[in-house]
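# Build me a model from this:
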Amino acid sequence: MTELRNGRVFPGLLRHGIVLFAAACVIAANPITITVNPGNEKTFGGYGVTVDNVTTNGMKAWPEAERDRLGQMLWVDAGFKHIRIWAHDGGDLESMTSEVGDEILWYVKEVKERHRPDLEVILGPCQNNITGVEQYSDFYVGMIRKLKEEYDFQLDGTGVVNEPNAKSLRFNAGTLPSAVKAFRRKLDAIGMENVKIIAPEVSNVDAGGYAYGNALRGDAQAWEQLDGFGTHSYGIAMTKDMMDIVTRGKDHYMTESSGSDTHTAAKALSDVNLGVTHWYFFFGYRDAAECGGGTYCLLPVSGGTGTPLGKFHVLKEYSQTLEPGTRLRFCETNLSGEVNQYMECNRVKGPLPPISCVAGVNPKGAWVIALSNNSGYSTSGQYGWAGSPRATYDVTVSAEELNDEASLEFTVKRIAHGGGQLGESAVTMNNGRLVLPGLDPQTSAVLRAKRSTEEPVATIARQASIRASLAVTVAGSVVHIEHETGAAGNLQATLYALSGRPLRKVAVDNAAAGGHSIVLDARGVADGTYLVRVGQANHWRTARIVLGR
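Coordinates of the predicted model:
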């Protein structure tokens with residue numbers, strides 16, 4: 001199966017019964033350059049889904065073997081790692097806790113036991129009729145406590161309020177910081193310092209979303225106590241403006257998203273490139289009649305049989321490529337216009353950008369790149385918007401950090417957004433530049449370097465004990481680092497578990513050359529031995545530390 005383009009041969013057109021012989025029939029590809037900016041930006045935490053009592057009650061009627069098959073597909077094969085459970089509006093504390101505990105947690109526990117022991121579980125408080133910061137925080141912190149005491153289940157994190165800008169003015173931008181502080185104070189008081197707080201979970205990244213972001217940034221205590229900034233990704237998704245509000249040192253949870261195959265593929269890369277570290281699709285699977293024509297779920301189920309949609313296949317490849325622990329870089333294109341340059345999926349600003357991209361270094365030290373050609377997408381459904389005209393692209397990826405790598409070979413896997421692989425190949429990067437030819441409309445490509453270009457974190461952790469490379473002192477839960485840079489640039493310090501899992505990080509944008517005193521807050525991290533790493537781009541210093549209060 002071959003396609004002739006620009007005098008070259010590519011797989012593709014024979015499956016449509018088309019053969020091109022004459023030069024007059026050559027299809028020209030559009031050139032595009034993606035620049036991978038140097039330096040660690042954020043660490044990707046993985047993909048996830050939302051579930052609720054409607055979904056899990058339906059699962060109880062499915063054959064166990066079918067439930068296991070779907071669980072294997074989503075949590076093992078696709079490698080999803082996170083789940084958000086809804087606490088629906090209405091009812092008193094006892095009834096709402098029972099709804100979550102009896103109707104949802106059985107499934108969550110099953111996933112942890114059978115498929116994903118390291119599953120991260122967060123609560124999504126939906127608007128309750130309780131008013132007032134103190135009463136509201138008492139209610140949901142009380143629910144979290146009851147889930148621990150009565151159901152032997154401790155959540156990893158919690159939202160504060162779902163979509164405050166769209167469905168409720170209970171917590172406007174001015175009052176939400178007080179709610180964050182109330183949640184933190186009350187969780188700490190019952191010994192749940194490790195339960196993360198994620199807010200504001202705004203429905204749209206628009207003027208209203210920016211107001212919430214700036215309000216949280218403007219309250220130093222609330223911002224410090226916020227473990228994850230939260231937004232949703234529908235028709236008005238992540239932007240560079242919001243990335244600049246959140247900054248690179250804060251985890252970003254995109255706790256809801258949905259859409260068609262191409263819409264999903266575009267946002268799943270665009271959002272991550274713009275600073276999202278945890279990306280959740282709306283539902284993993286539920287009854288076909290409740291999937292909204294496939295918009296709201298990855299695996300519609302009918303009569304106990306799940307059929308993966310095209311976007312499931314694409315997200316599976318993204319998840320296997322962008323593994324948790326991948327250290328992300330920020331990418332830009334040379335196309336004109338803010339939406340195209342930053343690859344923003346935000347219909348307030350313009351049509352869907354033709355290309356989305358994510359690049360980074362996985363936990364083993366190998367470079368990975370994921371690309372999506374979103375062109376030819378037509379407006380459809382509640383969250384659709386106008387797309388760019390259909391176009392095939394020859395994509396040049398330029399990574400300054402790899403300028404000294406004379407030759408680095410990547411494996412390439414192409415996936416149709418409608419579902420199914422289009423074949424595998426290889427491409428070589430020379431001195432930081434590679435060209436991926438013929439990325440067709442409605443198609444993604446994932447690239448993985450065949451060898452590492454830097455020491456993996458786990459290797460550095462084993463060797464750090466013999467390196468006297470970093471001045472670190474520990475006082476209680478505070479880690480003080482003295483570090484000197486030879487050149488100006490973005491500076492980052494990270495606290496790692498010895499397994500290589502990042503736990504805390506702080507970033508200094510545009511740090512001047514010279515000495516820097518950096519403080520890492522290790523509050524909530526258990527006593528033990530850890531790794532501290534600080535530096536710029538590929539220039540790092542490392543040390544082991546011991547936390548013990």
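
# how about the strands in the stretch 101-250 of the chain?
Using DSSP state E, counting those that start in this stretch, the strands of the stretch 101-250 of the chain run over residues 120-125, 157-159, 196-202, 228-233.

# ranking those by burial, who's on top?
strand 228-233 (a mean of 27; mean count of other C-beta atoms under 10 Å). Where you see a C-beta, it was placed from the backbone N, CA and C, and this is true even at glycine.

# Could you spell out the sheet neighbours of that one, each with its direction?
Applying DSSP bridges to the sheet, strand 228-233 is found paired with strand 196-202 (parallel), strand 251-257 (parallel).

# Could I get those in JSON lines, plus columns for distance to T277 and mean pLDDT?
Formatted as JSON lines, the strands paired with strand 228-233 follow (distance: least, C-beta to C-beta, whole Å; pLDDT from 0 to 100):
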{"stretch": "strand 196-202", "distance to T277": "11", "mean pLDDT": "97"}
{"stretch": "strand 251-257", "distance to T277": "5", "mean pLDDT": "97"}
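
# could you point out where the protein is predicted with low confidence?
Along the chain, the model assigns pLDDT under 70 to residues 1-28, 40-41, 167-169, 248, 379-384, 454-469, 498-501, 537-539, 549.

# Specify the helix with the largest residue count in it.
Selection of the longest helix in the chain by residue count, based on DSSP state H, yields helix 133-151.

# in it, what's buried?
In terms of neighbour count (16 or more other C-beta atoms under 10 Å), helix 133-151 has its buried residues at 133, 136-137, 139-148, 151.

# I'd like the distance from that helix to the chain centre, please.
Distance, stretch centre to chain centre, for helix 133-151: 27 Å (C-alpha atoms, centre = their mean, to the nearest Å).

# same thing with stretch 74-91?
For stretch 74-91, the distance to the chain centre is 14 Å (C-alpha atoms, centre = their mean).

# Report the distance from the strand or helix carrying V474 to the chain centre.
Assigned by DSSP states H and E, V474 belongs to strand 471-475. Mean-position distance between strand 471-475 and its chain equals 31 Å (C-alpha atoms, centre = their mean).

# Just the terminal-to-terminal distance for stretch 401-421.
Using C-alpha to C-alpha, to the nearest Å, the end-to-end distance of stretch 401-421 comes out at 30 Å.

# before we move on, back to that, not counting its own residues, what contacts the longest helix of the chain?
Outside helix 133-151, the residues that touch it by C-beta atoms under 8 Å, 6 or more residues apart in numbering are 87, 93, 96-97, 100-101, 105, 123, 125, 128, 130, 153-155, 158, 160-161, 170-171, 175, 178-179, 182-183, 186-187, 190, 192, 195.

# mind giving me the domain ranges of this structure?
The record's domain split for the chain, according to automatic domain parsing, is 31-454, 457-547.

# before we move on, back to that, buried ones only from the contacts of helix 133-151, please, as a PyMOL command.
To isolate in PyMOL the members of these that are buried, counting by 16+ other C-beta under 10 Å, one can use:
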select buried, resi 87+96+97+100+101+105+123+125+128+153+155+158+160+161+170+171+179+182+183+186+187+192+195
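
# So which of the contacts of helix 133-151 belong to helices?
Per DSSP H, the contacts of helix 133-151 map to helices at 93, 96-97, 100-101, 105, 178-179, 182-183, 186-187.

# how about R329, phi and psi?
In terms of degrees, to the nearest 10, the main-chain angles of R329 are phi -110, psi 160.

# ok, it touching A359?
Yes: contact criterion C-beta atoms under 8 Å: R329 and A359 qualify, at 5.0 Å.

# Give the residues shared as contacts by the two.
36, 399.

# Report whether Y285 is found in a helix, as I expect.
No: going by DSSP: H, G, I helix; E, B strand; the rest coil, the assignment for Y285 is strand, not a helix.

# Am I right that it is in contact with W75?
No: applying C-beta under 8 Å as the test, Y285 and W75 come out as separate, 11.3 Å apart.

# neighbour-wise, which of those two wins?
A direct count of neighbours by other C-beta atoms under 10 Å for Y285 and W75 places Y285 higher, at 27 against 21.

# and that one, what are its bridge partners?
With DSSP bridges as the rule, Y285 is bridged to L299.

# any idea how far it is from G438?
Distance, Y285 to G438, by C-beta to C-beta, to the nearest Å: 34 Å.

# about what we covered before: can you convert the strands of the stretch 101-250 of the chain into JSON lines and add a column each for distance to G275?
Output for those, formatted as JSON lines (distance: least, C-beta to C-beta, whole Å):
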{"stretch": "strand 120-125", "distance to G275": "18"}
{"stretch": "strand 157-159", "distance to G275": "18"}
{"stretch": "strand 196-202", "distance to G275": "14"}
{"stretch": "strand 228-233", "distance to G275": "9"}
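
# looking at the ones you listed, which is closest to V301?
For the strands of the stretch 101-250 of the chain, the distance to V301 is smallest for strand 120-125, at 21.7 Å, taking C-beta to C-beta.

# now the strands paired with strand 228-233 in TSV, with distance to A370?
Shown next, in TSV, are these (distance: least, C-beta to C-beta, whole Å):
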stretch	distance to A370
strand 196-202	25
strand 251-257	16
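
# related to what we said a few turns ago, for the longest helix of the chain, list the C-alpha coordinates in PDB.
In PDB, the C-alpha atoms belonging to helix 133-151 read as follows (Å, rounded to 0.1, in the frame of the first residue of the first chain):
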ATOM      1  CA  VAL A 133     -17.400  28.300  53.200                       C
ATOM      2  CA  GLU A 134     -17.300  26.700  56.700                       C
ATOM      3  CA  GLN A 135     -20.500  24.600  56.300                       C
ATOM      4  CA  TYR A 136     -19.600  23.500  52.800                       C
ATOM      5  CA  SER A 137     -16.000  22.500  53.700                       C
ATOM      6  CA  ASP A 138     -17.300  20.700  56.800                       C
ATOM      7  CA  PHE A 139     -19.600  18.600  54.600                       C
ATOM      8  CA  TYR A 140     -17.100  17.400  52.100                       C
ATOM      9  CA  VAL A 141     -14.200  17.000  54.600                       C
ATOM     10  CA  GLY A 142     -16.700  15.000  56.700                       C
ATOM     11  CA  MET A 143     -17.400  12.800  53.700                       C
ATOM     12  CA  ILE A 144     -13.700  12.200  53.100                       C
ATOM     13  CA  ARG A 145     -13.300  11.200  56.700                       C
ATOM     14  CA  LYS A 146     -16.400   8.900  56.700                       C
ATOM     15  CA  LEU A 147     -15.100   7.200  53.500                       C
ATOM     16  CA  LYS A 148     -11.900   6.400  55.400                       C
ATOM     17  CA  GLU A 149     -13.500   5.300  58.700                       C
ATOM     18  CA  GLU A 150     -16.500   3.500  57.400                       C
ATOM     19  CA  TYR A 151     -15.300   2.100  54.000                       C
END
